[in-house]
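Visitor: this one's sequence-less:
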Ligand SMILES: Nc1ncnc2c1ncn2[C@@H]1O[C@H](COP(=O)(O)OP(=O)(O)OP(=O)(O)O)[C@@H](O)[C@H]1O
Ligand SMILES: Nc1ccn([C@@H]2O[C@H](COP(=O)(O)O)[C@@H](O)[C@H]2O)c(=O)n1
């Protein structure tokens, strides 16, 4: 049985948190597709050609998720993500993951539009830019990163602008995605709303 849940949205909207919880609830596998672009972005910062890096990506390259979550790597990720040859190199792996037996949740920017337009359930998770920046700032501060709320706000806005403006697979909701604005929701309320959407879409379990 293949059942795909596509979760898209802008930076720090909460799509990763929701996707992990959906995967646990329904017993599905989860892929954070942003990590693929982050791993390529990190290799670009180290001097590797991004297309070469994308074509040669291995599971080890995405194993240390914490190291990939810095703001510098996030910015590099959104730059390599605008390169059509990088996106093409990562396509088949994501599509195969999406249709794996047992069900899958993928989160990213183009899951419902490009990777798996046939996904059985689609969510587009948003929150106001300020709330997203505050949440990400608190997360980074708790992990000991030295940054300011203003820097995080700039980072989120720059990535959203680049991700929305690119010609190949831009950040946008699929026409049939259910919008979930979590600005006024805590994590539990957002997860409950997401589970409700997926159940109504006919997910088993
Ligand atoms: N509804 C919510 N209320 C409060 N905090 C939240 C909510 N959803 C997520 N968060 C927190 O906001 C931060 C960003 O969430 P998360 O990492 O899930 O976003 P994301 O969209 O996957 O980010 P990115 O695009 O950068 O990968 C995390 O610290 C998370 O715990
Ligand atoms: N499907 C996707 C996923 C991510 N990107 C790009 O990667 C950057 C980092 O992603 P996060 O989810 O970890 O924030 C993001 O800013 C996008 O540029 C993408 O293009 N498509």
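Guide: Nice, I can see it. The structure displayed is predicted, hence computed values, not measured ones. Ligands and ions are numbered 1, 2, ... in the order given.
Visitor: what's the burial count for the residue lying closest to residue 157 once chain neighbours are set aside?
Guide: The shortest distance from residue 157 to any non-neighbouring residue, by CB to CB, 6 or more residues apart in numbering, is to residue 129 (6.3 Å). (Each C-beta comes from the backbone N, C-alpha and C, glycine too.) Neighbourhood size, residue 129 [other CB atoms under 10 Å]: 17.
Visitor: and what of residue 188?
Guide: 9.
Visitor: for the protein, name the helix or strand with the lowest mean pLDDT.
Guide: When each helix and strand of the chain is scored by mean pLDDT, DSSP states H and E, helix 65-68 comes last, with a mean of 92.
Visitor: show me where the protein has its helices.
Guide: Using DSSP state H, the helices assigned to the chain run over residues 15-26, 34-45, 50-55, 65-68, 71-80, 84-98, 129-142, 149-165, 187-200.
Visitor: how about JSON lines for those, with distance to ligand 1 added?
Guide: Shown next, in JSON lines, are these (distance: least, CB to the nearest ligand atom, whole Å):
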{"stretch": "helix 15-26", "distance to ligand 1": "3"}
{"stretch": "helix 34-45", "distance to ligand 1": "5"}
{"stretch": "helix 50-55", "distance to ligand 1": "18"}
{"stretch": "helix 65-68", "distance to ligand 1": "10"}
{"stretch": "helix 71-80", "distance to ligand 1": "6"}
{"stretch": "helix 84-98", "distance to ligand 1": "15"}
{"stretch": "helix 129-142", "distance to ligand 1": "3"}
{"stretch": "helix 149-165", "distance to ligand 1": "8"}
{"stretch": "helix 187-200", "distance to ligand 1": "4"}
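Visitor: which residue packs closest to the residue positioned nearest the centre of the chain, ignoring adjacent ones?
Guide: For the chain, the residue nearest the mean C-alpha position is residue 108 (2.8 Å; CA atoms, centre = their mean). Among residues not flanking residue 108 along the chain, residue 33 sits closest, at 3.6 Å (CB to CB, 6+ apart).
Visitor: show the contacting residues for that neighbour.
Guide: When contacts are counted by CB atoms under 8 Å, 6 or more residues apart in numbering, residue 33 touches 90, 94, 106, 107, 108, 109, 111, 115.
Visitor: surely residue 126 is in contact with residue 181?
Guide: Yes. Using CB atoms under 8 Å, residue 126 is in contact with residue 181, at 5.1 Å.
Visitor: who's more crowded, the two?
Guide: Applying other CB under 10 Å to residue 126 and residue 181 shows that residue 126 carries more neighbours, namely 19 against 16.
Visitor: list the contacts of the more buried one.
Guide: Applying CB under 8 Å, 6+ apart, the residues near residue 126 are 9, 10, 13, 179, 180, 181, 182, 183.
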